[in-house]
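1. Return a 3D structure for these sequence lines:
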Amino acid sequence: MKSARYDRLLASTALVLVLALSGHVATAQQTESLSRASVPVPDTSLPPPLTAKDVQAPAKQATKEEPKPDAAAPASEPTKSTAAAAPTPDSPVGEKLRDLITGRQFDRLVSRKADRAGIEAFYSGHNYAPLWVSNNIANERAKAAIAYLGQADVVGLDPTDYPTPDFKSAASPDALAEAELKLTASALTFARHAQIGRIHFTRVGPDIQYDLAAPEPADVLAKLADGNDAAKILDGFNPPQAGFKALKAKLAELRKAPVAEPKIAPKPEQPRVHVPDGKILRPGMKDARVVAVRKRLDIPGDKENPLYDDAVRDAVKTFQTESDIDVDGDLGPNTVRALNNEPKEVRHTSANPTETIIVNMERWRWLPRDLGNPHVIVNVPDYTLTLYNNDKAYWHTRIVVGKPNLATPMVSADMKFITVNPTWNVPPSIIEKEYLPALEADPQALDRIGLKLTQDPDGTIHISQPPGAGNALGRIRFNFPNKFLVYQHDTPDKHLFAREKRAYSHGCMRVQNPLTYGEKLLSLVLPKERYTEARLESMFGGNEININFPKFIPVHLTYQTAFVDESGKLQLREDVYGRDAKMFAILKSNERKVADIAIERPRDPSSKPVRMPVGVYGTGGGYSYGGGNNFFNWIFGGPQGGARPYPPRSIPPQQRYNGRFSWR
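-> Predicted coordinates:
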C-alpha cells in the first residue's frame, strides 16, 4: 500500500513539474512569430501514464523539449508606432532640414516668402523627410529634375535662373540639407515661371491685363513627391496650347540650324512727287493734280488718269487716317500739306527669330490654360481674328487694330452679347483729346459728323452718335466687357481692309465681315435660332437690339509676332507696338533679376469721365452759342463777364478744322 501510494505521489509530482515547465515554455514563445514552422510547439495536453523512467529525469526531459531561438529571425517585431519613430539612414539630413527651415538661415536660402511658406508646410507635413536625398545621395527624382532644369532653354527659359546643387560634393548632413533646399527652391521657381511667365506683364505696359494664377509651392512639391517622373511633372507647368508647342518645336529647329536674322523688306523707293496746291478735289472730279496724287500714293492702275475715282478717294482716306488728319476722302489743303511733307513712318526692327520666338512663348504663359470652347483669338501684329471651335479654326477674317500710340490692349474677357444698330458712346479719352479741341476750332464740328453732346448735372460731358449707316461702329458691335473699354465692331471705312498694315483705330477692332462673324458666333451659342447674315441685316434700323449669349465666348487679345501657320511654317510679324523690344530690354538688363515681380501702374486716366462746370453747354442735349457765360462765348467773342469756365486750348493753325475724327 505504501509503495503504491508512494508511486502515485511521485507520478503526481512529475506531472506538476511537466505542466509547470510546459507553461513556462509557452509563455516564452508568445513573443515568437507564430508562423515559424521550425520552432516546436509544446503539447500542454495531459501526458500518458508515467513510467519509472519518466520519474527518474522529468526535469531533463522538459529541458530537451524547450525550443532554441532562431538566429535568422529578429528577437522581436516592433509595432507600427515604434517603426514610424525609428531612425532611418536619412534622419540626420532630416534633422538638418528641420533646423534650416525653422531657423534664421531660411530667408537666405529661399528668398521668396510664398516659397518659404510652401516649403515649410510640405516638409513639416512629411516629418522633414528629404525629397531629393535617399541614403545620403541624390535619388533618381533629383537626377531627373536636375537634368530637366539644365535644359530649360528648350521651353524658352534660361537654365541659369534655376541653379542646381552638386550632390556628389555634399558629404555631410549639413551640406546635403542645403543642397536639398537649393534644388527645391529652383524647382519652385521654374514651376512658377513656366506657368505664369518669367516677365510679369505689368513691366511690359499698362495696357495688358491677365488673371495669372501661380502654382501653390506646397502643391508643386506634393506632385513631385507623388510622381515617378520629375521631369514630366516640371514640364507640365508649361502652356498646353498647340500654339506654344509649335513654337517650342521651331525653337529647337532654329537652334540646330540657325538662320539669318530676318529683315523687313524695305518699300521700293518711290519718286518724291509734289502735289500742287489748288481747289478742293472730290470724287467724280477731273483734274491734272489727280495724276500727281496717283503717283504720290502709288495707286494701282493707270497713273495718268485724271479722274478722282473711288480708288483715289480710298487711297486719300487711308493716307488721312495714317497722317491723323480729318478723314473725308477729299483732297483739301491739309491733305496736300501732309502729302508734300516727309513721311513719318516708324518701324520697330525685329530681333533674330530665336529671340522673337522666346518672347512669344513667354506671352503664351500669360494666357489662361483653358482658352474656352468655343473661343476667339485676335492676333494684333497679324491684323487677324480667328474663331475656334473644338480647338480648330472655325472662321477667320481681317481686322483693323489700334494705332501705335493707341494700342489695342492685351486682355482676356468673355463676349456676352451682340448689339445690332449700336450707339457710339465716345470714350472719355477721345472726348478730351480730340473732340473738345475740335469744338474750340469749330463749334459746328460735331453737328457735321452727326455727333450729339450732352452734359449731366454734375458736369460730366457725353458725346454720342446714334445708330445709322454712317455710325462709327457700323451696324453691329460685339461686346466683351473689359477694363480697357474696347470691343469689336463693323465700320463704314471698308477701304482700310485692303491695306497690308492695318493699325488705324483708337484701340478697338474693326471686323472686315461683321455680319458673317455674327452668323458664325450665333451658330455656336444659339444654333436653334438659325441666325443668318440676311436675318441680321433685316434687323438694321434706328433702335439698338441686343442678342444675349446663353453661353459666353472667351475672347483673347494676343500679340503674336511669331507663330506657326496651318502649313507648319514659322511666321514673323512686325513689332507694331514695341512689345518685343521692351521684353528684350528687360531680359538683357538689371531689371531681369526682378522681372517676375509685378509693379504698380498708375490708374489709366483715359476712362475717367470728362467734366466741365455746369452750364458750359446748354440743356436739351446740345450746346448753346448765344447768351450766358459759356464755353463758346469765351472763345467766339460773346459776353465775357466773370471767370472763364474752361481755359481755351492752344491749337496750332495747321491742326484747326481737321478734327482728327478717326473712328475708334
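
2. Distance of the residue nearest to the spatial centre of the chain relative to A438?
-> What sits nearest the mean C-alpha location of the chain, by C-alpha atoms, centre = their mean, is W366, with 1.6 Å. According to C-beta to C-beta, to the nearest Å, W366 and A438 sit 37 Å apart. Placement of C-beta: from N, CA and C, glycine included.

3. in terms of contact, does K551 touch P527 like I think?
-> No - using C-beta atoms under 8 Å, K551 is not in contact with P527; the gap is 10.8 Å.

4. More neighbours: which of the two?
-> Set side by side, K551 and P527 show more neighbours around K551, with 12 against 9, by other C-beta atoms under 10 Å.

5. Which helix or strand contains that one?
-> Using DSSP states H and E, K551 falls within strand 545-558.

6. Flag every buried residue along that strand.
-> 547, 549, 553-558 (16 or more other C-beta atoms under 10 Å).

7. ok, now stretch 208-217?
-> Buried residues in stretch 208-217, counted by 16+ other C-beta under 10 Å: 208-210, 214-215, 217.

8. Which segments of this protein make up each domain?
-> Domain assignment of the chain by automatic domain parsing yields the ranges 2-65, 88-238, 368-425+465-605, 426-464+606-664.

9. Could you dump those into TSV with distance to K250 added?
-> Output for the domains of the chain, formatted as TSV (distance: least, C-beta to C-beta, whole Å):
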stretch	distance to K250
domain 2-65	64
domain 88-238	11
domain 368-425+465-605	5
domain 426-464+606-664	36
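
10. in its sheet, what does the strand holding K551 sit against?
-> strand 375-379 (parallel), strand 410-420 (antiparallel) (DSSP bridges).

11. which ones are touching E600?
-> By C-beta atoms under 8 Å, 6 or more residues apart in numbering, the contact list for E600 reads T202.

12. what about it, distance to R203?
-> E600 is 11 Å from R203, by C-beta to C-beta.

13. Which neighbours do these two have in common?
-> The overlap between the contact sets of E600 and R203 (C-beta under 8 Å, 6+ apart) is empty.

14. returning to what we had before: so which of the strands paired with strand 545-558 is the most surrounded?
-> Among the strands paired with strand 545-558, ranked by average contacts under mean count of other C-beta atoms under 10 Å, first place goes to strand 375-379 (a mean of 22).

15. Could you list the buried residues of stretch 131-142?
-> Those would be 131-134, 136, 138-139, 141-142, for stretch 131-142 by 16+ other C-beta under 10 Å.

16. Could you dump those residues into a markdown table and include secondary structure and distance to V154?
-> A markdown table is the format used below for the buried residues of stretch 131-142 (DSSP: H, G, I helix; E, B strand; the rest coil; distance: C-beta to C-beta, whole Å):
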| residue | secondary structure | distance to V154 |
| --- | --- | --- |
| L131 | coil | 24 |
| W132 | coil | 22 |
| V133 | strand | 27 |
| S134 | strand | 28 |
| N136 | coil | 31 |
| A138 | strand | 22 |
| N139 | coil | 23 |
| R141 | helix | 20 |
| A142 | helix | 20 |
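
17. Can you add distance to M539 and pLDDT and give those back as TSV?
-> Below are those laid out as TSV (distance: C-beta to C-beta, whole Å; pLDDT from 0 to 100):
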residue	distance to M539	pLDDT
L131	62	96
W132	65	96
V133	70	94
S134	70	92
N136	76	91
A138	69	94
N139	67	95
R141	62	97
A142	65	96
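
18. Let me have the residues you listed in TSV, adding distance to Q195 as columns.
-> Below are those laid out as TSV (distance: C-beta to C-beta, whole Å):
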residue	distance to Q195
L131	20
W132	21
V133	26
S134	28
N136	33
A138	26
N139	25
R141	20
A142	22
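
19. which among those residues gets closest to K232?
-> Nearest to K232 among those, counting by C-beta to C-beta, is R141 at 11.4 Å.

20. In contact with the residue nearest to the closest one when sequence neighbours are not counted, which residues are there?
-> Among residues not flanking R141 along the chain, A230 sits closest, at 4.8 Å (C-beta to C-beta, 6 or more residues apart in numbering). Contacts of A230 were listed using C-beta under 8 Å, 6+ apart, and they are 141-142, 144-145, 148, 187, 224.

21. for the host helix or strand of Q571, packing partners?
-> Using DSSP H and E, Q571 falls within strand 570-572. Counting contacts by 3 or more C-beta pairs under 8 Å, 6 or more residues apart in numbering; DSSP states H and E, strand 570-572 is packed against helix 353-364, strand 562-564.

22. Buried residues, that strand. List them.
-> The neighbour-count check on strand 570-572 (16+ other C-beta under 10 Å) flags 570, 572 as buried.

23. What strands flank it, and is each parallel or antiparallel?
-> Strand pairing for strand 570-572, determined by DSSP bridges: strand 562-564 (antiparallel).

24. Give me the distance from the partner strand to the chain's centre.
-> Here the centre of strand 562-564 is set off from its chain's centre by 17 Å, with C-alpha atoms, centre = their mean, to the nearest Å.

25. so where's the stretch 201-350 of the chain shaky on pLDDT?
-> Scanning the stretch 201-350 of the chain for pLDDT under 70 picks out the ranges 258-271, 322, 324-326, 342-350.

26. where along it do the strands fall?
-> Per DSSP state E, counting those that start in this stretch, the stretch 201-350 of the chain carries strands over the ranges 208-209.

27. for the nearest residue to F549 once chain neighbours are set aside, phi and psi?
-> Of all residues not flanking F549 in the chain, V525 sits nearest, at 4.7 Å (C-beta to C-beta, 6+ apart). Dihedral pair for V525: phi -100, psi -20, per degrees, to the nearest 10.

28. Surely V525 is in contact with N548?
-> No - under the criterion of C-beta under 8 Å, V525 makes no contact with N548, lying 9.3 Å away.
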